[in-house]
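**Q** Sharing a model that was predicted from the sequence below.
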Amino acid sequence: MSGLAEVFGDEVVTHAYVRDVALPHGAGTLALITLDNGHDHTKPNTFGPNGLAELDAAIDRVAARDDIAAVGVTGKPFIFAVGADLKGVPLITSHADARAIGKLGHDVFRRLGELDVPSFAYYNGAAMGGGVEIGLHCTYRTISAGVPAFALPEAFLGLVPGWGGTYLLPNLIGAEKALQVVIDNPLAQNRMLKGRQAYELGIADAIFDSADFLEESLAWTARVLNGEIAVTRPEVDKGKAWDDAIAMARWNLEGKLHGAAPSFTRALDLVAAAKDRSRDEGFAAEDEALADLIMSDELRAGLYAFDLTQKRAKRPAGAPDKSLARKVTKVGVVGAGLMASQLALLFARRLEVPVVLTDLDQERLDKGVGYAHGEIDKLLGKGRVSPDKANRLKALITGSLTKDAFADADFVIEAVFEEMSVKRKVFAEVEEHVSADCVLATNTSSLSVTEMAAELRHPERVVGFHFFNPVAVLPLLEIVRGERTGDAALATAFATGRALKKSCVLVKDAPAFVVNRVLLRLLAEIVQAVDEGTPIEVAERAAAPLGLPMPPFVLMGLVGPAIALHVNETLHAAFPDRFPLSDNLAKMVAAGKKGVYLPDFSLDPEVVAIFGGGTRPSTEEQVLDRALAALADEIRIMLDEGVVAAPEDIDLCMILGAGWPFHLGGITPYLDRSGVAEKATGRRFLAPGVASLPA
Amino acid sequence: MPRTARDVVFVDGVRTPFGKAGPKGLYAQTRADDLVVRAIRELMRRNPSLPPERVDEVAIAATTQTGDQGLTIGRSAAVLAGLPKSVPGYAIDRMCAGAMTAVTTTGAGISFGSYDVVIAGGVEHMGRHPMGEGVDPNPRFLADQLVDPSALVMGSTAENLHDRFPQISKERADAYAVRSQQKVAAAYAAGKIQPDLVPTAIRSAEQGWGLATEDEPPRPGTTMDDLAKLKTPFRVHGNVTAGNAAGLNDGATACLLAAEDVARDLGLAPRMRLVDFSFAGVEPEVMGVGPVPATEKLLARNSLTMDDIGLIEINEAFAVQVLAFLEHFKIADDDARVNPWGGAIALGHPLASSGVRLMNQLARLFEERTDVRYGLTTMCVGMGMGGTVLWENVNWEGAK
């Protein structure tokens, strides 16, 4: 173990303090273990080798006693424990060390379930991963109604809950419910449970308010020990229900990931087998799975991706000093279409400043404001905002037929028709009314910000502010710096983006910026393959091994073929060789098709006919090979052009803007490890070890 | 329309175990407001027939009303305790008699008809808020000779009391203190104190979480010899020591009062009836004598004499102050009516919380002593005051 402790050199050690508690109702003495790393709640308790050793020593002390009635485990204020210390994982270089980490966790945690006296976990605050698992090893559990996050997120990162989770949880609450926690939630953007939900799933035996959670948990403990309370749990159905749950999850997983993320399959296999395994067998299988996964590129990519979303997303590379940002006290939105209304709603909700929409047409204006007000009413109906808040938000969103309403705005964003001449005209009009400092932002997805600003009196005030649909949901904001964009406007854009709770990435003013350019290069390659005669369904399946959130033609349907065509045309104008125009796509748009599928998800024969006639069909493998090579080629060119600062920014954009998965690390780690990058571009994007196993 | 005063009853009272103030005390790293919240929640839990929205007021006393004892602690504690937002609250201060005043003020409001049910209590975390924290006495107190310079140092006022009653020697004070320790030890052994204690979570960064289940201050084995060795910090060759005075403590109390008819309607069992109360002022430099005029006023108004009083819960800020009271009313130092289960010298005195501790103990004693009709809770108050509350035992057999 000393080797492991060295690997985790800068571990923030979670201490395990033991203190005697005189239980009420004469139930004897409970030895209470408090997990506490000595920091406040912003640095949660985690477990590395040293922390596990401290917990082991604490358990040694309580196990040696014959004067205690029970053992309890709880956390520090607001935090129980959030699992393994992952900082050291990228440094593990051998399967044996990886296996040792899994075994160490088991060896320590399982002791809590194998004492001579009952053990009680008191989930007082956030519990994730190994934190949840500590409690699963205990005889009984209570949970605070104030627990904000309770999860086994391992599969999301590329691991399995392998310190007992995949074995103990299904044996506690049954396979179906366990899979919600082990598979479904990690798969759904790493959803977290609240304390009450964990209780309702049967993970905890009792729930108490946060105000006196520990006192009430201890009183409950006393009554359990005295026999006043008999803890009953529904019997776990190890028959058909178990097998059905596994089969359903497997089907679901196959449909979503096509085996692309080994952690999910592995977790599922472990849960499936937990039915018949002994505790020793179950834990040994977890050790093996953890070792294999820790030594997998998918996990290394997952940790890299996690780090990007936790750190780089919060400190955007290349953003100017935030002290240069100007305060935004009023926002203008040019246009009153759907996008404009959605933007108005987002700005009003997040910035809580007046937002005024403008349009030349009263009817459109009424509709736009009405849409935003209607959405607020929906939030009110769901209880997401209070009546007072709804009144406030509605009062913030108003409409005006004239742009003089922008006179005191600090930030005006346009969401008008995607046409350079229209946007230039709009900005010129806006500039007649606003102060010299007012930032003008464009939500263009493909037009040049530099060109849009060229004729203005103050071109330094113009920035690109590219949202992703649906704007309320997707966390990415591409902030585009035009050639003449000033630092103050840019800093204001970043501060505003942050206030909107978006993750901002600085992008050069280049055609289609990042996400759309990468997606369109992929789509162009696939459409080209179809143009050449590859059946749509073959091309559609080609990318399945990547485990992307949706196949290319489904994506096209979501974005809309017309928009895809428009962005493709923009890119074609800039890079005709790499973004060929598809006549068939143009025909499909001309025919008014909203996608290649009919409402029943079958292929639209008319679209099939439009794309028919090619004579050089490719296989799925061929389509995938050329699509990946195209991605590597495009990303290398983007980096060479300086579209973003580093491959990390491309990956962050694809994860947050397109939902590309952690097991690919976004995309460049996958292109590196699959050898595509070197084959297509002659070099890797990231050094070995950054998002993959060390060389 | 003529008003009819309503009878007011004490339904139930609880407190946290009392701790020693200071960095090693039970509550060194526990917030004062959390102590109050714990007491209120347990009070509500013990009285499940009381719908929380029926609580009309939460009056919580604290002497130092800043930090975790600030922010209008009655209201903030009510919110933190999870009472409905419709339940109001406020903060109250009469130094040591804070909780007592919370009871008399809200009790009077019940009698007046403005409240049906109230929560009254107090808190003092003397570790986090040492006595006199942040005070800024007006210089005219001394310039105009309004008070003696010793008036703001409670220990010095106790020494002054020995001067006023020279027959109360240090030995008498020490003997009283030893008996208080013995009575508390006996009461603990008999399980008299524990029923109204609320086990309270405590945490220290060095030891993790724990649970306070018993009072920390008592020193059960204390002897006269032990006390004789203690220093007299307030006066060279003086009489007042840490042994014959209450310590510096942390703790919180809360009780439930109701109009008697409302209590009956809600299924709340009254323990004692609030008959009357009285506060009186004395010279601040002998504040310990305050209970004497307060009690005299009260007895006279109710046409009672001390002979009618079967139980007396008197706060033991200082042994000399209790003895001065007993001297005045010609009660023996060891009279069985006085603090039968001991007092603050052993249990501790977290200033503004103590008034309700006296009531908790009196209410429990009334249950056992159905032969007793009337009891008093009384205490001295800094700046020269005393307060006394007259209670009637609802279990008094003479009424049946």
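**A** Done, it's in.

**Q** contacts and neighbour counts: CA atoms only from here.
**A** Noted.

**Q** tell me the contacts of residue 169?
**A** Since you didn't name a chain, this refers to chain A. A:136, A:175, A:178, A:203 (CA atoms under 8 Å, 6 or more residues apart in numbering or on different chains).

**Q** actually it's chain B I care about, not the one you picked
**A** B:162, B:239.

**Q** ok, now how distant is it from residue B:319?
**A** To residue B:319, residue B:169 is 10 Å away according to CA to CA, to the nearest Å.

**Q** follow-up on the earlier one: so which of the contacts of residue A:169 is the most crowded?
**A** residue A:175 (30 neighbours; other CA atoms under 10 Å in any protein chain shown).

**Q** does that residue really touch residue A:242, like I thought?
**A** Yes. Residue A:175 is within contact range of residue A:242, at 5.3 Å (criterion: CA atoms under 8 Å).

**Q** Which helix or strand contains residue A:159?
**A** Assigned by DSSP states H and E, residue A:159 falls within no helix or strand.

**Q** Grab the nearest non-local neighbour of it.
**A** residue A:263 (5.3 Å; CA to CA, 6 or more residues apart in numbering or on different chains).

**Q** Relative to the whole chain's centre, how far out is the helix or strand hosting residue A:421?
**A** Here residue A:421 sits within helix A:420-433, counting by DSSP H and E. Distance of helix A:420-433 from the chain centroid (CA atoms, centre = their mean, to the nearest Å) equals 37 Å.

**Q** swap in stretch B:195-206?
**A** The chain centre lies 20 Å from the centre of stretch B:195-206; the measure is CA atoms, centre = their mean.

**Q** Then stretch B:318-331?
**A** On CA atoms, centre = their mean, the centre of stretch B:318-331 falls 17 Å from the chain's centre.

**Q** List the buried residues for the helix holding residue A:421?
**A** Within helix A:420-433, the residues that count as buried by 16 or more other CA atoms under 10 Å in any protein chain shown are A:420, A:423, A:424, A:426, A:427, A:428, A:430, A:431, A:433.

**Q** Tell me the pLDDT of residue 225.
**A** In the absence of a named chain, this looks at chain A. In this model, residue A:225 is scored at 98, pLDDT.

**Q** let's do chain B instead
**A** 97.

**Q** Tell me the helices and strands packed up against the helix or strand harbouring it.
**A** Under the criterion of DSSP H and E, residue B:225 resides in helix B:224-228. Contact here means 3 or more CA pairs under 8 Å, 6 or more residues apart in numbering or on different chains; DSSP states H and E; on that basis helix B:224-228 packs against helix B:170-189.

**Q** The same query, at a cut-off of 6 Å, please.
**A** With contacts defined as 3 or more CA pairs under 6 Å, 6 or more residues apart in numbering or on different chains; DSSP states H and E, helix B:224-228 has no helix or strand neighbours.

**Q** Can you list the neighbours in contact with that helix?
**A** residue B:243 (CA atoms under 6 Å, 6 or more residues apart in numbering or on different chains).

**Q** again, but for stretch B:298-312
**A** B:278, B:337, B:338, B:372, B:374, B:375, B:376.

**Q** Mind giving me the ChimeraX select for these, buried ones only?
**A** Buried subset of the contacts of stretch B:298-312, written as a ChimeraX selection, criterion 16+ other CA under 10 Å:
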select /B:278,338,372,374,375,376
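
**Q** what stretches of the chain score poorly on pLDDT?
**A** You didn't pick a chain, so chain A it is. By pLDDT under 70, the low-scoring segments of chain A are A:1-3.

**Q** could you do chain B instead?
**A** Scanning chain B for pLDDT under 70 picks out the ranges B:1.

**Q** Output the set of residues of it in proximity to chain A.
**A** B:201, B:207, B:208, B:210, B:211 (CA under 6 Å from any CA of the partner chain).

**Q** Would you quantify the distance from the residue of the stretch 251-400 of chain A found nearest chain B to residue A:371?
**A** The minimum distance from the stretch 251-400 of chain A to chain B, using CA to the nearest CA, falls at residue A:386 (15.3 Å). Using CA to CA, residue A:386 is found at 19 Å from residue A:371.

**Q** So the two - more neighbours on which side?
**A** More crowded of residue A:386 and residue A:371, by other CA under 10 Å: residue A:371, with 18 against 13.

**Q** Specify the local secondary structure of the residue nearest to the more buried one when sequence neighbours are not counted.
**A** Leaving aside its chain neighbours, residue A:371 sits nearest to residue A:341 (6.6 Å; criterion: CA to CA, 6+ apart). What DSSP: H, G, I helix; E, B strand; the rest coil gives for residue A:341 is helix.

**Q** Report how many residues lie close to residue A:341.
**A** Neighbours of residue A:341 (other CA under 10 Å): 26.

**Q** so what's the residue of the stretch 251-400 of chain B found nearest chain A up against?
**A** Going by CA to the nearest CA, chain A is nearest to residue B:252 of the stretch 251-400 of chain B, at 14.9 Å. For residue B:252, the contacting residues are B:15, B:16, B:35, B:36, B:122, B:123, B:353, by CA under 6 Å, 6+ apart.
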